[in-house]
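Chemist: Sequence and predicted model, in that order:
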Amino acid sequence: MSNTYTDYANKIAITVPERYIDVKTGESYAVSPKIADQIEYHAENSSLSHLVLSALHHYLNPKPVLSGGSAEILQQLADIRSMLEDGIYHIQSPIKARVIKEQTDAAKLLNMKEVEDILDAFGG
Amino acid sequence: MNNYNYFAVDIGNSWYKVLASDHGELMEYQMPNAIALYDDEFYEKPYDEEDIELEENLIVEIKSPAITNKREIFYAGKAAAKQRNVSLTASNNQKADEDRTYILLFAAAAYHASLINPTDIELSYCIDQLAVSLPTTQYKEKKEILKQRLIGNHTITLHKVPGIPEPKELIVKLEIKDVIVGAEGACAYLGLIRDVDTLTIKDEILVKDSKKGVIIGDLGGDSVDFVGIKNSKPVASVEGDHFGINLFLDTIIKKVSKNELYTFDSRSELEEKLFAGLSEWYVEPFAGVRKDISKYVIPQLRIMAIKYLEHFDRARSSSSEIKGASRYIAVGGAAKLAQTQIQEAAVRWADKGRPIELTFPENLEKLNVFGLMILAKMNQLKKQHENTEELISIEG
């Protein structure tokens, strides 16, 4: 379902579809609620043109290259620091980190045996 | 854990207490246990629709295998309490067998779904894990029936919804994936010791006390449930008599109607007044005439308090496992209402040499529904855990 947001003061209207196509890559993405919220906010605030132009600015200007130079040195310093603080340093691949994060907070704190015992005793 | 929708309902005889957690966001409601048949001819169109709240105008029609009479339309909750033909709970009602349980529970779910999707007139709402309660007397035999009737797909139509154009209908397609049933009273213990968000233990002292034993006395509308807890597990449930605040509310309503010419719409109207505190304990049979009703209320609360403690004493002596209990805890809305009277009555028990020192915890009227939410989340955790184990074994 598409939705139209209007900034009457500056005569700007934008129709937001459910999915949009990334004009650089051709891939299609869902419009996140955060984006919709922002558009709605700026439409009401008569600043829709500024939102669109800032987004375009970020999109069209290449980001400063971070690899190499000072960024790499900073990363190495951060690694040394964590080694000193933790005593051990283990490299976590980004995928592994995500799996751990997806496990719920509660699962980390609760033991599964305890959960089962409680469910047996209190529920059915 | 927060990626799921949880719904916990304490099916009380005077109030339905609801906790809903949608993707981690927690909402709380309560709704009087009241329904009334809807009759289009007597429907009064609201003068100003903008002032009407949906909660006070819930007119529901339910298509569900759980309900035998699918053609009737009902007022539910607050809307029903205002009707002349309101039906309140009968004593000794069997929650799992009655249509009213399902009508009210689905109405509460549809009300919640409409609040979180305020712009849609046709919407789908999925509950991954529902937790509901039954009194200890009905728990063992009825929990399977209750589960079977709740799991599945149900369609709830809300009629005459304020703010929605003709035909003023809102359709909620409800899917309930799984149900867990907890026993009233026992759930309150879970609600006391654990945090509803993290599920971790928040009251270490009570857990320690439970080694010796703790008795929970849950005083509700039509039932009083006693649960003995030892080592954090329910060990004994004493089937309380059919006794609760409704009986006393009915007496107060009768007396006020006879002596002050004021008739309450329903028990919930009186109960709301009582909860609001002593300063609200009056009625206005005619404009500008204020009649104090505390002289009808206080004696009734006193009788109820005395009986509650008698039940408590009987419960603690009837089971050897909880005889040496170190703490007695009062829970339930009625216990909150009569706290002063219960404490006064307890003095007499101390004089007799059989002290009953009750603890009145914070939020005592909501502990059961908090416990149910904890059960719902734990059941989901268990299922997730089983699924990952299966995946691992298939892969291995």
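Modeler: Sure thing, it's come through.
Chemist: List the beta-bridge partners for the nearest residue to residue A:48 once chain neighbours are set aside.
Modeler: In space, and not counting its chain neighbours, residue A:48 is closest to residue A:7: 3.8 Å by CB to CB, 6 or more residues apart in numbering or on different chains. C-beta coordinates here come from the backbone N, C-alpha and C atoms, glycine included. On the basis of DSSP bridges, residue A:7 takes part in beta bridges with residue A:12.
Chemist: which residues does residue A:7 contact?
Modeler: A:13, A:42-43, A:46-49 (CB atoms under 8 Å, 6 or more residues apart in numbering or on different chains).
Chemist: how does it look with 7 Å?
Modeler: Going by CB atoms under 7 Å, 6 or more residues apart in numbering or on different chains, residue A:7 touches A:43, A:46, A:48.
Chemist: And the helices in the chain?
Modeler: Unless you meant another one, I'm taking chain A. A:33-44, A:48-60, A:69-86, A:94-102, A:105-109, A:112-122 (DSSP state H).
Chemist: Switch to chain B, please.
Modeler: B:78-81, B:99-116, B:136-150, B:186-193, B:204-209, B:245-260, B:267-276, B:294-318, B:333-337, B:339-351, B:367-395.
Chemist: any low-confidence regions in chain A?
Modeler: A:62-69, A:86-109, A:124 (pLDDT under 70).
Chemist: Kindly report the residues of the stretch 51-200 of chain B close to chain A.
Modeler: Residues of the stretch 51-200 of chain B lying near chain A by CB under 7 Å from any CB of the partner chain: B:143, B:180-182, B:186-187, B:190, B:198-200.
Chemist: What's the PyMOL line that selects buried ones from those?
Modeler: Selection of buried members from those for PyMOL, criterion 16 or more other CB atoms under 10 Å in any protein chain shown:
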select buried, chain B and resi 143+180+181+182+186+187+190+198+199
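Chemist: Using JSON lines, please lay out the residues of the stretch 51-200 of chain B next to chain A together with pLDDT and distance to residue B:238.
Modeler: What follows is those, written out as JSON lines (pLDDT from 0 to 100; distance: CB to CB, whole Å):
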{"residue": "B:143", "pLDDT": "93", "distance to residue B:238": "19"}
{"residue": "B:180", "pLDDT": "97", "distance to residue B:238": "23"}
{"residue": "B:181", "pLDDT": "96", "distance to residue B:238": "19"}
{"residue": "B:182", "pLDDT": "94", "distance to residue B:238": "17"}
{"residue": "B:186", "pLDDT": "92", "distance to residue B:238": "12"}
{"residue": "B:187", "pLDDT": "94", "distance to residue B:238": "16"}
{"residue": "B:190", "pLDDT": "95", "distance to residue B:238": "19"}
{"residue": "B:198", "pLDDT": "89", "distance to residue B:238": "32"}
{"residue": "B:199", "pLDDT": "92", "distance to residue B:238": "28"}
{"residue": "B:200", "pLDDT": "91", "distance to residue B:238": "30"}
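Chemist: Output the residues of the stretch 51-200 of chain B next to chain A as CSV; include the columns distance to residue B:89.
Modeler: Converted to CSV, these look like this (distance: CB to CB, whole Å):
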residue, distance to residue B:89
B:143, 19
B:180, 23
B:181, 19
B:182, 19
B:186, 21
B:187, 19
B:190, 25
B:198, 35
B:199, 32
B:200, 36
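Chemist: now, which of the residues of the stretch 51-200 of chain B next to chain A sits nearest residue B:356?
Modeler: Of all these, residue B:356 sits closest to residue B:186, with 20.3 Å by CB to CB.
Chemist: what pLDDT, on average, does stretch B:61-68 get?
Modeler: Average pLDDT, stretch B:61-68: 93.
Chemist: If you count neighbours, what's buried in that stretch?
Modeler: Within stretch B:61-68, the residues scored as buried using 16+ other CB under 10 Å are B:61-62, B:64, B:66-67.
Chemist: Closest one to chain A out of the residues you listed, please.
Modeler: Nearest to chain A among those: residue B:66, at 18.7 Å, using CB to the nearest CB.
Chemist: Report the contact partners of that closest one.
Modeler: Here residue B:66 is in contact with B:102, B:149-150, B:154 (CB under 7 Å, 6+ apart).
Chemist: Over to residue B:307?
Modeler: Contacts of residue B:307 by CB under 7 Å, 6+ apart are residue B:243.
Chemist: Next: residue B:302.
Modeler: Neighbours of residue B:302 in contact, by CB under 7 Å, 6+ apart: residue B:341.
Chemist: On the pLDDT front, check it for me.
Modeler: Model confidence at residue B:302, given as pLDDT, is 96.
Chemist: got the CA positions of the helix-or-strand element of chain B with minimal mean pLDDT in CSV?
Modeler: When the helices and strands of chain B are scored by mean pLDDT, DSSP states H and E, strand B:233-238 comes last with a mean of 82. Extracted in CSV, the C-alpha atoms of strand B:233-238 (Å, rounded to 0.1, in the frame of the first residue of the first chain):
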residue,chain,number,x,y,z
LYS,B,233,7.4,-25.1,43.3
PRO,B,234,3.7,-25.4,43.9
VAL,B,235,3.3,-28.3,46.2
ALA,B,236,-0.2,-28.1,47.4
SER,B,237,-3.3,-26.3,46.1
VAL,B,238,-6.2,-26.1,48.5
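Chemist: where are the low-confidence patches of chain B?
Modeler: For chain B, applying pLDDT under 70 flags the ranges B:1, B:239-241, B:390-396.
Chemist: So what does residue B:289 have for phi and psi?
Modeler: Here is the backbone geometry of residue B:289 (degrees, to the nearest 10): phi -100, psi 110.
Chemist: picking up where we left off before, now, which of the contacts of residue B:66 sits nearest residue A:123?
Modeler: Of all the contacts of residue B:66, residue B:150 has the smallest distance to residue A:123: 14.0 Å, by CB to CB.
Chemist: Leaving out chain neighbours, which residue sits closest to that closest one?
Modeler: Residue B:150's closest residue in space is residue B:179 (CB to CB, 6+ apart), at 4.8 Å.
Chemist: what's across from that neighbour in the sheet?
Modeler: On the basis of DSSP bridges, residue B:179 is bridged to residue B:130.
Chemist: list the contacts for it?
Modeler: Contacts of residue B:179 by CB under 7 Å, 6+ apart are B:130, B:132, B:147, B:150-151.
Chemist: measure it to residue B:277 for me?
Modeler: Plainly put, residue B:179 is 37 Å away from residue B:277 if you go by CB to CB, to the nearest Å.
Chemist: coming back round to it: using CSV, lay out the helices of chain A together with distance to residue B:319 and mean neighbour count.
Modeler: Shown next, in CSV, are those (distance: least, CB to CB, whole Å; neighbours: other CB atoms under 10 Å in any protein chain shown):
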stretch, distance to residue B:319, mean neighbour count
helix A:33-44, 53, 14
helix A:48-60, 67, 13
helix A:69-86, 52, 10
helix A:94-102, 45, 9
helix A:105-109, 33, 14
helix A:112-122, 16, 16
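Chemist: Now distance to residue B:40 too, for these, in TSV please.
Modeler: Putting the helices of chain A into TSV (distance: least, CB to CB, whole Å) gives the following:
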stretch	distance to residue B:40
helix A:33-44	39
helix A:48-60	46
helix A:69-86	70
helix A:94-102	51
helix A:105-109	49
helix A:112-122	45
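Chemist: and residue B:375, which of those helices is closest to it?
Modeler: Evaluated with CB to CB, the helices of chain A place helix A:112-122 nearest to residue B:375, the distance being 6.1 Å.
Chemist: Mind giving me the packing neighbours of the closest one?
Modeler: Where contact means 3 or more CB pairs under 7 Å, 6 or more residues apart in numbering or on different chains; DSSP states H and E, helix A:112-122 is packed against helix B:186-193, strand B:233-238, helix B:367-395.
Chemist: quick check, stretch B:357-369 touching chain A?
Modeler: No - judged by CB under 7 Å from any CB, stretch B:357-369 stays clear of chain A, getting no closer than 11.2 Å.
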